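1. Attaching a predicted model along with its sequence, questions to come.
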Amino acid sequence: MAIDVLRKGAASALLVTPVVRLVVAGTSLGLRGEWKYALYAAGVLGLLAVAVGAGLHA
């Protein structure tokens, strides 16, 4: 029972970590004035959102 909770928590952490990293990187790049790279981060987040949305409707 506890192992299932640990597995779900680990899987969630593996899925959430790259998204949080993109948000932090995009925000910090935007604050430094690196707009091109901030837009790249936002674009990747947008593509991830589209992929998740398409996966949920399939």
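-> Nice, thanks for sending it over. Residues are numbered from 1 along each chain as shown.

2. what helices or strands is whichever helix or strand residue 49 is part of leaning on?
-> If you go by DSSP states H and E, residue 49 is part of helix 35-57. In terms of contacts (3 or more CB pairs under 8 Å, 6 or more residues apart in numbering; DSSP states H and E), helix 35-57 is packed against helix 2-32. From N, CA and C alone the C-beta is placed, and that goes for glycine too.

3. Tell me which other helices or strands the helix it packs on touches.
-> In this structure, helix 2-32 makes packing contacts with helix 35-57, judged by 3+ CB pairs under 8 Å, 6+ apart.

4. Would you mind getting the angle between the helix it packs on and helix 2-32?
-> Interaxial angle, helix 35-57 versus helix 2-32 (axes from the mean of the first three to the mean of the last three CA atoms, to 10 degrees): 150 degrees.

5. Would you indicate which residues of helix 35-57 are buried?
-> 38, 41, 42 (16 or more other CB atoms under 10 Å).

6. Which single one of those is nearest to residue 3?
-> The shortest gap between residue 3 and any of the buried residues of helix 35-57 belongs to residue 41, at 35.3 Å (CB to CB).

7. And the pLDDT at the closest one?
-> Looking at residue 41, its pLDDT stands at 96.

8. so what's it closest to, chain neighbours aside?
-> Excluding the flanking residues, the one nearest residue 41 by CB to CB, 6 or more residues apart in numbering is residue 26, at 3.2 Å.
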